[in-house]
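**Student:** how would this look folded up:
(one chain, ligands or ions: 1)
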Amino acid sequence: MTEPRHDWRRDEIEALLTRPFNDLLFDAQSVHRAHFDPNAVQVSTLLSIKTGACPEDCKYCPQSGHYNTGLTREKLMAVERVLEEARQAKAIGATRFCMGAAWKHPSARDMPYVIEMVKGVRALGLETCMTLGRLDADKARALADAGLDYYNHNLDTSPEFYASIITTRTYAERLETLDHVRDAGMKICAGGILGMGESVRDRAGLLQQLANLPVHPESVPINMLVKVKGTPLEHTEDLDPFEFVRTVAAARILMPRSHVRLSAGREQMSDELQALTFHAGANSIFYGERLLTTTNPQASRDQRLFERLGLHPERREEFDDDTLDLAIQQTLGAQRVAELSVDAAAR
Ligand code: SF4
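**Tutor:** Predicted coordinates:
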């Protein structure tokens, strides 16, 4: 097994993305099998702990205060309510609980609440993940000290295309946040969004940035743009779905030990397309009825898809297999995970 590289050139990645489809998928599946159980998919749930009115102007995002999407804004949720949601998530089988807030960055006033949420969710025996916007070194350390396992902060797209999508936060600031997260000892969840009108070279540029981080992100969400009415990207031309699969396959080859997550846009995908992305090396999904503010496939559809493909949820070492199997089956069979919605394109 070769060691993962961190010195990928853009033209190498472009060449990967444009290889004959069958060759690319064969290699991606081979890499996947060398590092993971090919039939296991990690399942997370996510709760929006503060919704809408975000000061950033991400053109894809219904939570941005710059656009009128009819989204109902919600203030920071009370800690006890978050913990109640986490308890319910655990009861129906979640192993990781992700909490997302539509902020530019967490304020000093909000930090104590956020820290209580991390401690409380951890005390329930769940892995914790948060996405709160930009972090400085002190806030990253405070979250790590509280026991936060993962921090999600996406790069979204290539450095060149980025300014067409977001003007209120720089690419360099995003990379800086990832540095702080890593320095504080937390795991990184970072990926991007496809279908925003970017070129193949931009997709290669995004993957290059992720793959050349000093340590690969443990989790790499690959989102398909969800075109939300009222956002500037509402009328963007559809991406060829095969380009999506190619990007997942390239991510798998470039970051062989990372979980590649099929995130936002999954509801718009056919079962066949999802199956192809699993074959290309995607091995993580957000599970729930909504992705923060966009809908996510119904639980029963996920359950049927897992059954049809012979997939099973990835096990966590802390759980014995039978307990986890039962819990996960309940999770996948449950009709109401309701507000345990999932992050998405957001962030
Ligand atoms: S993606 Fe995140 S930072 Fe950007 S507008 Fe939406 S909530 Fe704010």
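**Student:** Near the ligand, which residues of the stretch 151-300 of the chain are found?
**Tutor:** Within the stretch 151-300 of the chain, no position is near the ligand by CB under 6 Å from any ligand atom. Heads up, the C-betas are built off the backbone N, CA and C, glycines and all.
**Student:** Helices of the stretch 151-300 of the chain, start to end?
**Tutor:** 159-162, 171-183, 200-211, 241-254, 271-279, 299-309 (DSSP state H, counting those that start in this stretch).
**Student:** Only the buried residues of the first one, if you could.
**Tutor:** Right, the one you point to is helix 159-162. If you call a residue buried by 16 or more other CB atoms under 10 Å, then helix 159-162 has these buried ones: 159, 161-162.
**Student:** can I get those in JSON lines with distance to His105?
**Tutor:** JSON lines is the format used below for the buried residues of helix 159-162 (distance: CB to CB, whole Å):
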{"residue": "Pro159", "distance to His105": "21"}
{"residue": "Phe161", "distance to His105": "23"}
{"residue": "Tyr162", "distance to His105": "18"}
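**Student:** coming back round to it: compare the mean pLDDT across the helices of the stretch 151-300 of the chain and name the weakest.
**Tutor:** Mean pLDDT is lowest for helix 299-309 out of those, coming in at a mean of 82.
**Student:** continuing past that one, what's the next helix or strand?
**Tutor:** Next along the chain after helix 299-309, taking DSSP states H and E as the criterion, comes strand 312-313.
**Student:** Who are the packing partners of that following strand?
**Tutor:** With contacts taken as 3 or more CB pairs under 8 Å, 6 or more residues apart in numbering; DSSP states H and E, strand 312-313 sits against strand 40-50, helix 321-333.
**Student:** Spatially, what comes nearest to Ile13 if we skip its sequence neighbours?
**Tutor:** Once flanking residues are discounted, Ile13 sits nearest to Ala204: 4.0 Å by CB to CB, 6 or more residues apart in numbering.
**Student:** Any idea how many residues pack against that neighbour?
**Tutor:** Ala204 has 26 neighbours, counted by other CB atoms under 10 Å.
**Student:** Show me where this protein has its strands.
**Tutor:** For the chain, the strands defined by DSSP state E cover 40-50, 96-101, 127-131, 150-152, 187-189, 192-194, 219-224, 259-262, 284-286, 290-291, 294-295, 312-313.
**Student:** wait, which of these is closest to Met269?
**Tutor:** strand 219-224 (7.0 Å; CB to CB).
**Student:** returning to that earlier point: specify which member of the buried residues of helix 159-162 is nearest to Val121.
**Tutor:** Tyr162 (31.8 Å).
**Student:** circling back to that earlier point, let's have the strands of the chain in CSV, adding mean neighbour count.
**Tutor:** Shown next, in CSV, are the strands of the chain (neighbours: other CB atoms under 10 Å):
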stretch, mean neighbour count
strand 40-50, 24
strand 96-101, 26
strand 127-131, 24
strand 150-152, 24
strand 187-189, 23
strand 192-194, 27
strand 219-224, 27
strand 259-262, 26
strand 284-286, 26
strand 290-291, 22
strand 294-295, 19
strand 312-313, 20
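**Student:** rank those strands by mean pLDDT and give me the bottom one.
**Tutor:** strand 290-291 (a mean of 44).
**Student:** Now do the contacts for the closest residue to His32 other than its chain neighbours.
**Tutor:** In this structure, His32 finds its nearest non-sequential neighbour in Gly281, 4.2 Å apart by CB to CB, 6+ apart. When contacts are counted by CB atoms under 8 Å, 6 or more residues apart in numbering, Gly281 touches 28-29, 31-32, 248-249, 251-253, 260.
**Student:** how near is Thr95 to the ligand?
**Tutor:** Distance, Thr95 to the ligand, using CB to the nearest ligand atom, to the nearest Å: 25 Å.
**Student:** Next, count neighbours for that residue.
**Tutor:** 23.
**Student:** can I assume it is in contact with Leu126?
**Tutor:** Yes - applying CB atoms under 8 Å, one finds Thr95 in contact with Leu126, separated by 6.7 Å.
**Student:** what residues are up against the closest residue to Pro159 other than its chain neighbours?
**Tutor:** Computed as CB to CB, 6+ apart, the closest residue to Pro159 that is not its neighbour in sequence is Tyr171, at 4.9 Å. Applying CB under 8 Å, 6+ apart, we find Tyr171 in contact with 155, 159, 162.
**Student:** tell me which of these is nearest to Ile285?
**Tutor:** Leu155 (20.3 Å).
**Student:** Spatially central residue in this protein, please.
**Tutor:** In the chain, the C-alpha nearest the mean C-alpha coordinate belongs to Pro221, at 3.7 Å (CA atoms, centre = their mean).
**Student:** From Ala15, how far off is it?
**Tutor:** To Ala15, Pro221 is 24 Å away according to CB to CB, to the nearest Å.
**Student:** again with Met117
**Tutor:** Counting by CB to CB, the separation of Met117 from Ala15 is 44 Å.
**Student:** CA-only coordinates of stretch 192-205 in CSV, if you can.
**Tutor:** Taking Å, rounded to 0.1, in the frame of the first residue of the first chain, the C-alpha atoms of stretch 192-205 are listed here in CSV:
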residue,chain,number,x,y,z
GLY,A,192,-16.7,21.4,-1.7
ILE,A,193,-19.7,21.9,-4.0
LEU,A,194,-20.0,20.8,-7.6
GLY,A,195,-22.3,22.1,-10.2
MET,A,196,-21.9,25.8,-9.5
GLY,A,197,-20.8,26.6,-13.0
GLU,A,198,-17.1,25.6,-12.4
SER,A,199,-14.8,24.0,-14.9
VAL,A,200,-13.1,20.6,-14.8
ARG,A,201,-9.9,22.6,-13.9
ASP,A,202,-11.7,24.2,-11.0
ARG,A,203,-12.8,20.8,-9.7
ALA,A,204,-9.2,19.7,-10.1
GLY,A,205,-8.1,22.8,-8.2
